[in-house]
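[1] Take a look and give me a structure for this.
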Amino acid sequence: MNATCRIRGCDGRWHSQDMCDVVLADLGTTGVDLIAEVDAIDGGPVQLVVWEGEGRDLLRTSDPAAGHAFADRLRALAAAIDKGTALLPQPAPVEPVDYAARFAALDSDLLFELEDGGDCEDARRYVESLLMVLAEWRTRVMGLLAETPAEWAVPEAGAYQRALNRTREAWLQYGFRWQGGPALPWPFDLPEQAPAVAPAAPVTRIEAPGRRSLVLREVAA
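    Presented below is the predicted three-dimensional model:
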């Protein structure tokens, strides 16, 4: 505070021999500013002033009680604005994206059907679109792993990994299975657990015209 200044907190920005002014707040709104400040001018009293940008005083007082009363009215106004805001139409809640559902039907048969119904690029374009979904989903899962306790994040991380594996499996089976081609496992994934009772059912391979081969598993009675 300058030696000749009567206002605590004066930083000297609006200080001269005859005036001292401390701006407390400047609420800029469309078309008008609302400003609160404390000033002392030409040896006059220290005053709290609230005024709008056109120069009209809403409050000018040296009485602390008057300042508190005006602040109470502004708080009541703010509460009324909050109440009115709650009455406005609220934006529709954003539905969570069901990423896993995008991969539920994905397998090599679906990719072959896309090829048969269109051209060879349809299956590739479809998988490419799913890769974009995986990229977005991965970003979400990484955020969960970084910010959420593990017990909440792990279930979605597991679902993401299953979708990624399903995409890999479908593309491998689609891209490298054809008539007369190499004998490939179906699926490539390791089993989650060994069979508990019966051995694996016999497998019959039917070679069909074209690139596709059909695998049938006999079902034990």
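[2] okay, CA-based contacts and neighbour counts for the rest of this
    Noted.
[3] and the residue of the chain positioned farthest from its centre, what pLDDT?
    Largest separation from the mean C-alpha position in the chain: Gly43, at 56.5 Å (C-alpha atoms, centre = their mean). For Gly43, the pLDDT comes out at 71.
[4] what about it, which SS state?
    Three-state call for Gly43 (DSSP: H, G, I helix; E, B strand; the rest coil): coil.
[5] From Phe103, how far out is it?
    From Gly43 across to Phe103, the span is 78 Å (C-alpha to C-alpha, to the nearest Å).
[6] cool, Val50 as well?
    Distance of Val50 to Phe103, computed by C-alpha to C-alpha: 61 Å.
[7] Which helix or which strand is home to the most centrally placed residue in the chain?
    Computing the C-alpha centroid of the chain and ranking residues by C-alpha atoms, centre = their mean puts Arg140 first, at 7.8 Å. Using DSSP states H and E, the secondary-structure element containing Arg140 is helix 120-147.
[8] quick one: that helix to chain centroid distance?
    Put simply, helix 120-147 sits 16 Å off its chain's centre (C-alpha atoms, centre = their mean, to the nearest Å).
[9] list the buried ones in that helix?
    Buried residues in helix 120-147, counting neighbours by 16 or more other C-alpha atoms under 10 Å, are found at Asp122, Ala123, Arg124, Val127, Leu130, Leu134, Trp137, Arg138, Val141, Leu144, Leu145.
[10] Which one of those is nearest to Leu77?
    For the buried residues of helix 120-147, the residue nearest Leu77 by C-alpha to C-alpha is Leu144; the value is 39.5 Å.
[11] quick one: pLDDT of that closest one?
    With respect to pLDDT, Leu144 scores 83.
[12] Repeat that for the one 10 residues further on.
    On pLDDT, Val154 comes in at 71.
[13] mind listing what's buried in the helix or strand where it lies?
    According to DSSP H and E, Val154 maps onto helix 150-176. Across helix 150-176, burial judged by 16+ other C-alpha under 10 Å covers 153, 156-157, 160, 163-164, 166-174.
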